[in-house]
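J.: how does the following fold in three dimensions:
(chains A and B)
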Amino acid sequence: EAGVVQSPRYKIIEKKQPVAFWCNPISGHNTLYWYRQNLGQGPELLIRYENEEAVDDSQLPKDRFSAERLKGVDSTLKIQPAELGDSAVYLCASSLDRTGGEYTIYFGEGSWLTVV
Amino acid sequence: GQQLNQSPQSMFIQEGEDVSMNCTSSSIFNTWLWYKQDPGEGPVLLIALYKAGELTSNGRLTAQFGITRKDSFLNISASIPSDVGIYFCAGQGAQKLVFGQGTRLTINP
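T.: Sure thing, here's the model as predicted:
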């Protein structure tokens, strides 16, 4: 079974340019997450989707970040315009909600963004 | 954003030694997870703990879910070179996963 697939793996852009990341979750997983991981830190949640609904976007900087999951499967995360401080790894993850609240979150390999 | 207190931040050990790391939180979690992240890769799940007091093993790895639901530890026995990497604890509550800052493990052969 394929894991969480992300693209691109690496992206270098100039500040003020736009960038987009794509994620395909594990087949059948209804919950999808976007995390940002700064160097030397643990991942921090940006947004969580249940199917196509964004149920937690409290940590998403909405002035420049946007995300969508139109059909409840694939998702895109966009930054426009990018700033130097946006350099980080953007991790997509997915999970399948189970009865009793037991569910495990699986991560993709990440999209490594460098803004110059 | 909220993060867990994970310690130690880094460890330098000899091959064959045992390793212990832990996480504490001021919040209660329903699930504790331990991940390993290699350079250039995403976090890979090692162990998931779903019940307070639960002790779970995965090969040379053993992890426990603290009885207060505010802490967890991970032990690695007889370390080998491929154990090198960054280990993250994560507490899960209300479908939100909160991470520790990681323990960087370095092994001298």
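J.: run through the bridge partners of A:K78.
T.: A:A20, A:S66 (DSSP bridges).
J.: is it true that it touches A:W22?
T.: No. Checked against C-beta atoms under 8 Å, the pair A:K78 and A:W22 is beyond contact range at 10.1 Å. (Each C-beta comes from the backbone N, C-alpha and C, glycine too.)
J.: now do the contacts for B:G93.
T.: B:S27, B:I28, B:F29, B:N30, B:T31 (C-beta atoms under 8 Å, 6 or more residues apart in numbering or on different chains).
J.: what sits against the fourth one?
T.: Just to be clear, that refers to B:N30. Counting by C-beta under 8 Å, 6+ apart, B:N30 makes contact with A:G101, B:Y50, B:R69, B:Q92, B:G93.
J.: show me these that map onto strands.
T.: B:Q92, B:G93 (DSSP state E).
J.: now the contacts of B:N30 as a markdown table including distance to A:N30 and pLDDT?
T.: Converted to a markdown table, these look like this (distance: C-beta to C-beta, whole Å; pLDDT from 0 to 100):
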| residue | distance to A:N30 | pLDDT |
| --- | --- | --- |
| A:G101 | 14 | 56 |
| B:Y50 | 19 | 90 |
| B:R69 | 26 | 92 |
| B:Q92 | 16 | 86 |
| B:G93 | 19 | 78 |
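J.: A:G3 looks like it's in a helix, true?
T.: No. Using DSSP: H, G, I helix; E, B strand; the rest coil, the assignment for A:G3 is coil, not a helix.
J.: show me what contacts it?
T.: Residues near A:G3 by C-beta under 8 Å, 6+ apart: A:I26, A:Y106, A:G108.
J.: where are the low-confidence patches of chain A?
T.: For chain A, the stretches with pLDDT under 70 are A:1, A:98-103.
J.: how does it look with 90?
T.: Scanning chain A with the threshold set as pLDDT under 90 gives A:1-2, A:39-41, A:58, A:70-72, A:95-105.
J.: excluding its backbone neighbours, what's nearest the residue in it positioned nearest to chain B?
T.: Per C-beta to the nearest C-beta, A:G42 is where chain A lies closest to chain B, at 3.1 Å. Excluding its sequence neighbours, the residue lying closest to A:G42 (C-beta to C-beta, 6 or more residues apart in numbering or on different chains) is B:F99, at 3.1 Å.
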